[in-house]
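please work out how this folds:
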Amino acid sequence: MNCFNGAYAFQAFPAHLKAMKKKIAELSAKEMDSTDRDAWVDYFCSEYEIDLVVMYPESKDIDISEKTVQEYNTWYQISRDEPKFFDRPGYKVTCKVPFSGDPGLFELQPNPHTMGAYEVDRIIKPGKDGIGYLVLSYELLERDASAEGIEAHFSQEIGAIHTEVEKVNTEARRFNETIRGEVEKAIDERIRQVDKFARIRQGLNIPLNRVEGAPMARPVPLPKRKLCFSKPVPNTRGEVSCSITDVDYEAINAVISDCGALMEQAPSSFSSLDEEQLRDYLRGMLGTHYDNVTGETFRNRGKTDIHIPFGDHVAYIAECKIWHGKKAFLSAIEQLFSYSTWRDTKVSVIIFNKENKSFENVLESIQGALDEHAIRARSIKRGQWYCEIQNAEDEHVMHVTVQAFNLHV
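Next comes the predicted model:
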């Protein structure tokens, strides 16, 4: 392949900048809410800044092997009866030159550009150590070979490539010097657009940050959903199992997730609430979404749990807890086993972090606890897990959705 044979650098870098501005213009209001403007600037600078190429010819690696080399027969032009090539003993020499930086720069044409082949066998992209390789090769007849000649050949080839890549680096360096200013202008413009959009929405009495399909926080009253319970299924103990449907279970957890996300947007409004008050808030929101003919669906049970009754049974339980460590978290799960019977298979544990500065440490502790104690556990998204946990005493398996929300101020 030939290096410096692609797009012109003076065209490629503006196109790169245009792509970056397009990404910034596509940032949603949800992505930009409650985030730091300078953090976005730093992010896009790091993503789109050009990584200049640095070559390390002094660390090149040369390998040589014997090879039959074809030599052109000059008599072939005079007589077509002559063979076009003669097979001669020779060598193939391979040279690997380490480099760091963006290998795409080897494709761009600098300005000014010195015409030439700049041929390499291949370019090996940088690995985890940040080092890539230019691979060059050279075939020559045995009679013409010498160590000094081979060294001189590669020095000339590598030097020519280095000269051109430095020209590209110069243009890339100029791009990097201006990118932060361009990012800041694009981010500020997007913030202005988002703010104007928010003001228009507010003027139209449209709720901000509405999640598609989420019924909460709408100014227009909606009909409440009726909870659907699964058909009772006989089991080996001769009793009847009852539970809410998977669809309703997922919908309830979605409401809790949306409600928790709204709480995280204004943590100072909720950080002073205790477990019972947080439970009552969630219960109230769930009660606006579901309605059964029997009356109030979500009722308090004990100090911190929410449950859905079905006849004499409990078809769903949610436990609200303020995070006090891994041991207390596992205790909350054990408490669910004591509340439920073998019939009660769908439960939720809602964790509120109010005291820990590092929410990531809380999430890691929850993940570790589930890895140790759950039969199966998978992360649905950040701060949300679905798992199956078995009671060691009676082998009862609960389907548990764990959700964690950060209310630390």
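
CA only for contacts and neighbour counts going forward, please
OK.

now do the phi/psi pair for Asn356.
Note on Asn356: its backbone torsions stand at phi -100, psi 130 [degrees, to the nearest 10].

Gly127 - how many residues pack around it?
The tally of other residues near Gly127 (other C-alpha atoms under 10 Å) stands at 10.

and it, what pLDDT?
Looking at Gly127, its pLDDT stands at 89.

element containing it?
Under the criterion DSSP states H and E, no helix or strand holds Gly127.

how close does it sit to Phe197?
Using C-alpha to C-alpha, to the nearest Å, one gets 44 Å for the distance from Gly127 to Phe197.

now His289
According to C-alpha to C-alpha, His289 stands 29 Å off from Phe197.

ok, now how distant is the closest residue to Arg143 other than its chain neighbours from Asp63?
Take Arg143 and drop its neighbours on the chain: the residue closest to it by C-alpha to C-alpha, 6 or more residues apart in numbering is Gly90, 7.7 Å away. Distance of Gly90 to Asp63, computed by C-alpha to C-alpha: 14 Å.

the two: which is more packed in?
Each of Gly90 and Asp63 has its neighbours counted (other C-alpha under 10 Å); Gly90 has more, 20 against 10.

that one bridge partners, please.
With DSSP bridges applied, Gly90 shows beta-bridge pairing to Lys67, Leu141.

residues touching it, list them.
Counting by C-alpha atoms under 8 Å, 6 or more residues apart in numbering, Gly90 touches Glu66, Lys67, Thr68, Val69, Glu139, Leu140, Leu141, Glu142, Arg143.

tell me how far the fifth one lies from His289.
Translated: Glu139. For Glu139 relative to His289 (C-alpha to C-alpha), the value is 77 Å.

and Met1, by the same measure?
Relative to His289, and taking C-alpha to C-alpha, Met1 is found at 64 Å.

which of those two has more neighbours?
Neighbours per residue, other C-alpha under 10 Å: of Met1 and His289, the larger number sits with His289, 18 against 12.

look up how far Gln384 lies from that one.
For His289, the distance to Gln384 under the criterion C-alpha to C-alpha works out to 21 Å.

which elements pack onto the helix ranked longest in the chain?
Using DSSP state H to define each element, the chain has its longest helix at helix 147-203. Using 3 or more C-alpha pairs under 8 Å, 6 or more residues apart in numbering; DSSP states H and E as the contact test, the elements touching helix 147-203 are helix 9-25, helix 37-48.

closest one to Leu108 among the ones you listed?
Using C-alpha to C-alpha as the measure, helix 9-25 is the one of the helices and strands packed on helix 147-203 that comes nearest Leu108, at 5.3 Å.

for the very next helix or strand once past that closest one, what is the distance to the chain centroid?
Under the assignment DSSP H and E, the closest C-terminal helix or strand after helix 9-25 is helix 29-32. Computed by C-alpha atoms, centre = their mean, to the nearest Å, the separation of helix 29-32 from the middle of its chain amounts to 16 Å.

same check on stretch 40-51?
Centroid separation for stretch 40-51 versus its chain: 16 Å, with C-alpha atoms, centre = their mean.

which parts of that stretch are buried?
The neighbour-count criterion (16 or more other C-alpha atoms under 10 Å) identifies Trp40, Val41, Phe44, Cys45, Tyr48, Glu49, Ile50, Asp51 as the buried residues of stretch 40-51.

render the CA-only coordinates of it in CSV, please.
Provided in CSV are the C-alpha atoms of stretch 40-51 (Å, rounded to 0.1, in the frame of the first residue of the first chain):
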residue,chain,number,x,y,z
TRP,A,40,-18.7,18.0,27.9
VAL,A,41,-16.0,20.2,26.5
ASP,A,42,-13.3,18.0,27.9
TYR,A,43,-15.1,14.9,26.6
PHE,A,44,-15.4,16.1,23.0
CYS,A,45,-11.8,17.5,23.0
SER,A,46,-10.5,14.1,24.0
GLU,A,47,-12.6,12.3,21.5
TYR,A,48,-11.8,14.4,18.5
GLU,A,49,-8.3,15.7,19.2
ILE,A,50,-5.9,14.3,16.6
ASP,A,51,-3.3,11.9,18.1
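
any weak-confidence spans in the stretch 101-250 of the chain?
Flagging of the stretch 101-250 of the chain using pLDDT under 70 yields the residue ranges 201-243.

how about a cut-off of 80?
Within the stretch 101-250 of the chain, the stretches falling below the threshold (pLDDT under 80) are 197-248.

for the stretch 301-409 of the chain, which segments count as strands?
All strands of the stretch 301-409 of the chain, identified by DSSP state E, counting those that start in this stretch, fall at 305-310, 313-322, 346-353, 376-381, 384-390, 397-406.

tell me which of those strands sits nearest to Phe10.
Proximity to Phe10 (C-alpha to C-alpha) singles out strand 376-381 among the strands of the stretch 301-409 of the chain, at 41.9 Å.

what helices or strands is that closest one leaning on?
Applying 3+ C-alpha pairs under 8 Å, 6+ apart, one finds that strand 376-381 makes contact with strand 384-390.

quick one on the thing from earlier: and of the helices and strands packed on helix 147-203, who's closest to Asn353?
Evaluated with C-alpha to C-alpha, the helices and strands packed on helix 147-203 place helix 37-48 nearest to Asn353, the distance being 24.0 Å.

now the angle from the closest one to helix 9-25?
Helix 37-48 and helix 9-25 meet at an angle of 140 degrees, taking axes from the mean of the first three to the mean of the last three C-alpha atoms, to 10 degrees as the criterion.

beyond helix 37-48, next helix or strand please.
Where DSSP H and E defines the elements, the next helix or strand beyond helix 37-48 is strand 54-55.

list the neighbouring strands of that following strand plus their orientation.
For strand 54-55, the paired strands and their directions (DSSP bridges) are strand 85-100 (antiparallel).

buried residues in the partner strand?
Applying a neighbour-count criterion of 16+ other C-alpha under 10 Å, one finds Gly90, Tyr91, Lys92, Val93, Thr94, Cys95, Lys96, Val97, Pro98, Phe99, Ser100 buried in strand 85-100.

just stretch 265-285 next, same as before
So for stretch 265-285, counting by 16+ other C-alpha under 10 Å, buried means Pro267, Phe270, Ser271, Glu275, Glu276, Leu278, Arg279, Asp280, Leu282, Arg283, Met285.
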